[in-house]
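Asker: got a predicted structure plus its sequence, pasted below:
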Amino acid sequence: MNDIAESTRQWQELDRRHYLHPFTHHKSLAAKGSRIITHAEGVYIYDSEGCRIFDAMAGLWCVNVGYGRHELVDAAAKQMRELPYYNSFFQSAHPPAVELAALLSEVTPASFNHAFFTGSGSESVDTVLRMVRRYWEILGRPHKSVVISRVNAYHGSTIAAGSLGGMKPMHAQGGLPIPGIVHIEQPYWFECGGDLSTEEFGLKTARALETKINEIGVDKVAAFIAEPIQGAGGVIIPPESYWPEIQRICDNYGILLVADEVICGFGRTGEWFGSDYFGIKPDLMPMAKGLSSGYLPIGAVMVGDRVADVLIKEGGDFHHGFTYSGHPVACAVAVANIEILRGEGVVENVKTKTGPYLKRRWQELESHPLVGESRIAGFLGAIELVRDKATRKRFEPKGRAGEICRDICFEKGLVMRAIGDTMVISPPLIASEQHIDELITLAGECLDQTATALGITR
């Protein structure tokens, strides 16, 4: 056994003995052994055996400016030398948190002028639940506490965030959802649309919100929460008719609208936020991931003026927060990250150049016999693996085709995530047209091998 193989084996053994991974079947992983990722650069990650892998998921939807950005490393080192940590309790603040809050007010829609900092997207969504219910309490309507979400939504994995999400496997563990949270159908036309047109289906699923509000009673409904584009649900891009109708309903009934920007934020759609992409006017926006491009853990909730005015002017103490809210090093890195996005025109480049190029190339995959649909918005894309393109019939057992394709992708040097039988991508926003060509070539080869493994011929 050579030194590289021995080193890999040692890491795998330590991993097997001591490391409990998130969202993992631990017994299966222990038998197989983890792939040990050692370093990264640009759009590529490298494993302990020297294999280069195109990371078409940007980590977990988050490494927007790519790996190896020394500006972010330098920002962290500088801040650690000056003030490695201090909290935001005790009527204290520090320059990085103040500067980041001000900077976020510049890049978010005009109605957002206040930021509450957290350590992750899950914490941001938990904070939203607390803020929504506190808002209505201050206004003298404490019974207005029910939050409506969607089936198959993902909003994080803490108790509140996991409850607001609509994923049955998560709800089956730990007694979720908690009280006061209900779910309506999702705008997933390919899976659920049947014979309806996309426009008809978009209106139908949006109006499920109105039906649910009337069923519960508007005097009890506090808010509706949704991702502009469902990420972990399978990159579900709603029909054009969906969000205008959702906005109309929320405005008509006076309930708060929460746009979960954890995945869609910071340029992922070719706009700064998914709310910009769809013209949504939310009251609260939880965010994380692209806020620091994943270089350090940080999240935030941008609080619209409607809510902030009540919390600040009438609310008294808000009994909520975290030890690491506004961590100075994480904030400094987030500031540097936003400066890269702005200074290099990354978001505009995705909107006008690389995003349209990726869309054209990605849609070419729809001609493959395994692909029932390809869809994309900015740098968020999905392809649906099917047995029959005309009927949208899936392979059995469900999810097996996705697993096969995912494993083939990784062996060929491509990270493309399987969500059931939906293959999804979320590449670093700095990917060039040459990188996109490489991605499409790899994806096509992996689809060919998957078809062979499933007994499908071209």
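Answerer: Looks like it came in fine.
Asker: how many neighbours does P22 have?
Answerer: Using other CB atoms under 10 Å, P22 has 6 neighbouring residues. Every residue, glycine included, has its C-beta placed from N, CA and C.
Asker: please name the nearest non-neighbouring residue to it.
Answerer: Nearest residue to P22, sequence neighbours excluded (CB to CB, 6 or more residues apart in numbering): S157, at 7.6 Å.
Asker: is the one you found in a helix, a strand, or coil?
Answerer: coil (DSSP: H, G, I helix; E, B strand; the rest coil).
Asker: what's near enough to touch the residue most central in space within the chain?
Answerer: Nearest to the mean C-alpha position of the chain, by CA atoms, centre = their mean, lies I263 at 2.6 Å. For I263, the contact set (CB atoms under 8 Å, 6 or more residues apart in numbering) comprises 61, 227, 229, 231-232, 289, 380, 426.
Asker: now with 7 Å, please.
Answerer: By CB atoms under 7 Å, 6 or more residues apart in numbering, the residues touching I263 are 61, 227, 231, 289.
Asker: switch those over to TSV; also include neighbour count.
Answerer: Putting the contacts of I263 into TSV (neighbours: other CB atoms under 10 Å) gives the following:
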residue	neighbour count
W61	26
E227	24
G231	26
K289	28
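Asker: of those residues, which belong to helices?
Answerer: In helices, defined here by DSSP state H, the members of those are W61.
Asker: can you tell me which two in the contacts of I263 are farthest apart?
Answerer: E227 and K289 (11.8 Å; CB to CB).
Asker: domain map for this protein?
Answerer: According to automatic domain parsing, the chain comprises the domains 35-68+345-453, 70-343.
Asker: including distance to E13 and mean pLDDT, could the ones you listed go into JSON lines?
Answerer: As requested, the domains of the chain are exported to JSON lines (distance: least, CB to CB, whole Å; pLDDT from 0 to 100):
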{"stretch": "domain 35-68+345-453", "distance to E13": "11", "mean pLDDT": "97"}
{"stretch": "domain 70-343", "distance to E13": "27", "mean pLDDT": "97"}
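Asker: any chance of those in CSV with distance to K27 as columns?
Answerer: Converted to CSV, the domains of the chain look like this (distance: least, CB to CB, whole Å):
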stretch, distance to K27
domain 35-68+345-453, 16
domain 70-343, 16
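Asker: out of those domains, flag the one nearest P22.
Answerer: Comparing those by CB to CB, domain 70-343 comes nearest, at 7.6 Å.
Asker: buried residues in the longest helix that the chain contains, which are they?
Answerer: Scanning the chain for the helix with the most residues, using DSSP H, yields helix 433-453. By neighbour count on 16 or more other CB atoms under 10 Å, the buried set for helix 433-453 is 435-436, 438-440, 442-443, 446-451.
Asker: likewise for stretch 58-72?
Answerer: Residues of stretch 58-72 classed as buried: 58-59, 61-67, 69, 72 (neighbour count, 16+ other CB under 10 Å).
Asker: what distance separates the start and the end of it?
Answerer: 16 Å (CA to CA, to the nearest Å).
Asker: distance between it and the chain's centre?
Answerer: 15 Å (CA atoms, centre = their mean, to the nearest Å).
Asker: same deal with stretch 107-125?
Answerer: That offset, for stretch 107-125, works out to 14 Å (CA atoms, centre = their mean).
Asker: what's that stretch in contact with?
Answerer: Contacts to stretch 107-125, defined as CB under 7 Å, 6+ apart, come from residues 97, 101, 104-105, 127, 155-158, 160-161, 164, 260, 262, 272-273, 275-276, 285-289, 297-305, 308, 322, 324-326, 338.
Asker: which of these count as buried?
Answerer: Buried among the contacts of stretch 107-125 (16+ other CB under 10 Å): 97, 101, 104, 127, 155-157, 160-161, 164, 260, 262, 272-273, 275-276, 285-289, 297-304, 308, 322, 324-326, 338.
Asker: among those, which lie within helices?
Answerer: 97, 101, 104, 127, 160-161, 164, 275-276, 308, 338.
Asker: which of these lies closest to A30?
Answerer: Checking these one by one against A30 (CB to CB), the nearest turns out to be A161, at 27.9 Å.
Asker: for the stretch 151-300 of the chain, what spans make up the strands?
Answerer: With DSSP state E, counting those that start in this stretch as the criterion, the stretch 151-300 of the chain has strands at 181-184, 221-226, 256-259, 284-287, 299-304.
Asker: sorry, that was for the stretch 351-458 of the chain
Answerer: Under DSSP E, counting those that start in this stretch, the stretch 351-458 of the chain gives strands at 371-377, 380-385, 414-415, 417-419, 422-425.
Asker: just put those strands in JSON lines and tack on distance to A206.
Answerer: Converted to JSON lines, the strands of the stretch 351-458 of the chain look like this (distance: least, CB to CB, whole Å):
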{"stretch": "strand 371-377", "distance to A206": "18"}
{"stretch": "strand 380-385", "distance to A206": "20"}
{"stretch": "strand 414-415", "distance to A206": "33"}
{"stretch": "strand 417-419", "distance to A206": "23"}
{"stretch": "strand 422-425", "distance to A206": "22"}
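Asker: what would these look like in a markdown table with mean neighbour count and distance to M80?
Answerer: Formatted as a markdown table, these follow (neighbours: other CB atoms under 10 Å; distance: least, CB to CB, whole Å):
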| stretch | mean neighbour count | distance to M80 |
| --- | --- | --- |
| strand 371-377 | 21 | 37 |
| strand 380-385 | 26 | 33 |
| strand 414-415 | 21 | 30 |
| strand 417-419 | 20 | 33 |
| strand 422-425 | 26 | 34 |
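Asker: G315 contacts I138, doesn't it?
Answerer: Yes - counting by CB atoms under 7 Å, G315 does reach I138; the two are 4.9 Å apart.
Asker: contacts only, for the nearest residue to S48 once chain neighbours are set aside.
Answerer: Leaving aside its chain neighbours, S48 sits nearest to I36 (4.0 Å; criterion: CB to CB, 6+ apart). I36 makes contact with 8, 11-12, 47-48 under the criterion CB under 7 Å, 6+ apart.
Asker: next: V347.
Answerer: 267, 270-272, 341.
Asker: swap the cut-off to 6 Å and go again
Answerer: Neighbour list for V347: 267, 272, 341 [criterion: CB atoms under 6 Å, 6 or more residues apart in numbering].
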